[in-house]
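Q: Need a 3D model of the following:
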Amino acid sequence: MRIAIISPTYRKDASYQENIWAEELTRRGNLVTVFTAIHCQEKLTDQAEMESINHPYGYTVMQLPSKCFAHDLFLNLNLANALRQFKADLILLFGAGTFFEKTFLADDQLKNIDCICFFSISRAGRHAFLIDEMGLSLSEKIKAFAFQLLRLNAYARSVKRSSLAISNTPEGTDVLDRLFEGEYLAHWQQKKRTYSLAFCQETFHFDLQVRRHKRKELGIKEDEIVLMYSTRFEIDKRGAIEDFLMKVKIISKHLRNLKAYLVGFKDNDFSHSVKSSIDNDPELRSIVICQSFQNRKSLSALYQSSDLAFFPQPSISIQEAMGTGLWVICYDDPSLNHLKGYTQRITTCQSKLIEKDPQLLFDLHSPMLTDIAHRQQSAQMAQALSAKALCDRVLGELSILER
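A: Alright, predicted model coming up:
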């Protein structure tokens, strides 16, 4: 099958859903091309040259010259033309509302091709969509107004054009339930499905040999407990990193055999300042192991060699860690409730002050924390959130609709 994936903000080797879907569909023997935007200085035409790149995972990336406005608004004139040339059997649309998809939605020659559109709206981002939410600041109300003015119609037209509409969070489903009206609401109610973000099962799973090898490489003793945090090392992450290092200090008083991975260091001033602060802290320098930014394969090996991981906010990284059976620590957030049915190893903190959170302190001493059989069982449970499982489910539903 020839499958086109539309994603104006695609990034090579990211864990974006468009990447995960492209990889999974390619593994199944499909011919997959991602159509994405590349900023163009020249005047745009509907016959502009396109650059094709072969991705290491086996699919093709077609870069279409586009004008970028604001953060993620793209003017493009030749997407529909490129899709017609590709002769797709199925189209997946990520990033609706960026204007990049406009020529596709308006093209009559493409209207009979099945399309699945995807929406990722988090609880943290609800204010950017719902102007009537309680307690919004003026700037948040302006963001919500701008969304409804600039993007809502594109969301609605994408749903109308699609055979299925996938929301990756319960919050996203609720937001769109409230925003759509009339015929668009009817289309949404008929086509909507709520499925979690998917992770790559080929990369994120549990292998005892990988765990042993990585721990030996990093000098981790068999009886030591490893707590991990991975993030972008940019200045806006300073607060989250300092929060993690404070937690390391507190937890080390309860777990004398604690080690910690801090992952994401770059060759920049901020990384150097964090490293210096760790080196100059007698409590931290014997516990914290600093690691550079990792690709997905290397990140998975670190997850597998760890025992717990800290996630201060919802992200696909939580599902990836769950895929390795890792014990996940996060703050109490309703957007994560749907994940609790897929793991036995998750602690949701009611407070940012660990010493006031008895459940976390209890779990730190749980014999299940280092029980390999328990971890393998939890990793297997989480495979229900894998790209393979989600792809089976969505394509199965699409085939039922076509009967």
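
Q: CA atoms for contacts and neighbours, from now on please.
A: Noted.

Q: Now do the helices for the stretch 51-200 of the chain: every range, in order, please.
A: Chain-ordered helices for the stretch 51-200 of the chain, with DSSP state H, counting those that start in this stretch as the definition, fall at 79-86, 102-106, 138-150, 152-161, 170-179, 182-191.

Q: I'd like the average pLDDT over stretch 231-245.
A: Mean pLDDT, stretch 231-245: 89.

Q: outside of that stretch, which residues touch it?
A: Under the criterion CA atoms under 8 Å, 6 or more residues apart in numbering, residues 229, 263-266, 270-271, 284, 293, 310, 312 lie in contact with stretch 231-245.

Q: from those, which is closest to L385?
A: Nearest to L385 among the contacts of stretch 231-245 is F310, at 19.5 Å by CA to CA.

Q: could you point out where the protein is predicted with low confidence?
A: Along the chain, segments meeting pLDDT under 70 span 39-55, 70-71, 123-128, 350-358, 361, 401-403.

Q: Find the centremost residue of it, please.
A: I316 (3.4 Å; CA atoms, centre = their mean).

Q: Hmm, C200 and it touching each other?
A: No. In this structure, I316 sits apart from C200 without contact. The criterion is CA atoms under 8 Å, and the distance is 10.5 Å.

Q: re earlier: format the helices of the stretch 51-200 of the chain as JSON lines; extra columns: distance to S66 and mean neighbour count.
A: What follows is those, written out as JSON lines (distance: least, CA to CA, whole Å; neighbours: other CA atoms under 10 Å):
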{"stretch": "helix 79-86", "distance to S66": "10", "mean neighbour count": "18"}
{"stretch": "helix 102-106", "distance to S66": "12", "mean neighbour count": "19"}
{"stretch": "helix 138-150", "distance to S66": "18", "mean neighbour count": "16"}
{"stretch": "helix 152-161", "distance to S66": "18", "mean neighbour count": "21"}
{"stretch": "helix 170-179", "distance to S66": "28", "mean neighbour count": "18"}
{"stretch": "helix 182-191", "distance to S66": "28", "mean neighbour count": "16"}
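
Q: excluding its backbone neighbours, what's nearest the residue nearest to the centre of the chain?
A: In space, and not counting its chain neighbours, I316 is closest to L197: 6.4 Å by CA to CA, 6 or more residues apart in numbering.

Q: how much space between the one you found and N337?
A: Using CA to CA, to the nearest Å, L197 is found at 13 Å from N337.

Q: more neighbours, the two?
A: Neighbours of L197 and N337, each counted by other CA atoms under 10 Å, are more numerous for L197; the result is 22 against 11.

Q: my guess is the more buried one meets P170, correct?
A: No. Using CA under 8 Å, L197 makes no contact with P170, being 11.1 Å away.

Q: circling back: of the helices of the stretch 51-200 of the chain, give the one that comes closest to L302.
A: helix 170-179 (29.8 Å).

Q: chain center to the closest one: distance?
A: The offset between the C-alpha centroid of helix 170-179 and the centroid of the whole chain comes to 19 Å, using CA atoms, centre = their mean, to the nearest Å.

Q: who does it touch, helix- and strand-wise?
A: Helix 170-179 makes packing contacts with helix 182-191, strand 192-194 when contacts are defined by 3 or more CA pairs under 8 Å, 6 or more residues apart in numbering; DSSP states H and E.

Q: make it 10 Å
A: With contacts defined as 3 or more CA pairs under 10 Å, 6 or more residues apart in numbering; DSSP states H and E, the secondary structure elements packing on helix 170-179 are strand 114-119, helix 152-161, strand 164-167, helix 182-191, strand 192-194.

Q: ok, and what's touching that helix?
A: 119-127, 129-131, 148, 152, 155-156, 165-167, 169, 185-186, 188-189, 192-196, 334-338 (CA atoms under 10 Å, 6 or more residues apart in numbering).

Q: still on that earlier bit, was I right about the residue nearest to the centre of the chain contacting T169?
A: No. With contact defined as CA atoms under 10 Å, I316 and T169 do not form a contacting pair (11.2 Å).

Q: Overlap in contacts, the two.
A: The overlap between the contact sets of I316 and T169 (CA under 10 Å, 6+ apart) consists of 196-197.

Q: before we move on, back to that, W327 versus the residue nearest to the centre of the chain, what's the distance?
A: Applying CA to CA to I316 and W327 gives a distance of 15 Å.

Q: now D371
A: According to CA to CA, D371 and W327 sit 11 Å apart.

Q: Neighbour count for the two, which is higher?
A: For D371 versus W327, the count of surrounding residues by other CA under 10 Å is larger for W327: 28 against 11.

Q: For the more buried one, give me phi and psi.
A: phi -80, psi 120 (degrees, to the nearest 10).

Q: mind giving me the domain split of this structure?
A: In the assignment given by automatic domain parsing, the structural domains of the chain cover 2-198+387-402, 208-385.

Q: quick one on the thing from earlier: of the contacts of stretch 231-245, which belong to strands?
A: 229, 263-265, 310 (DSSP state E).

Q: What residue in the protein is the furthest from its centre?
A: In the chain, counting by CA atoms, centre = their mean, P282 sits farthest out from the average C-alpha position, at 35.5 Å.

Q: quick one: secondary structure of that one?
A: Per DSSP: H, G, I helix; E, B strand; the rest coil, the local secondary structure of P282 is coil.
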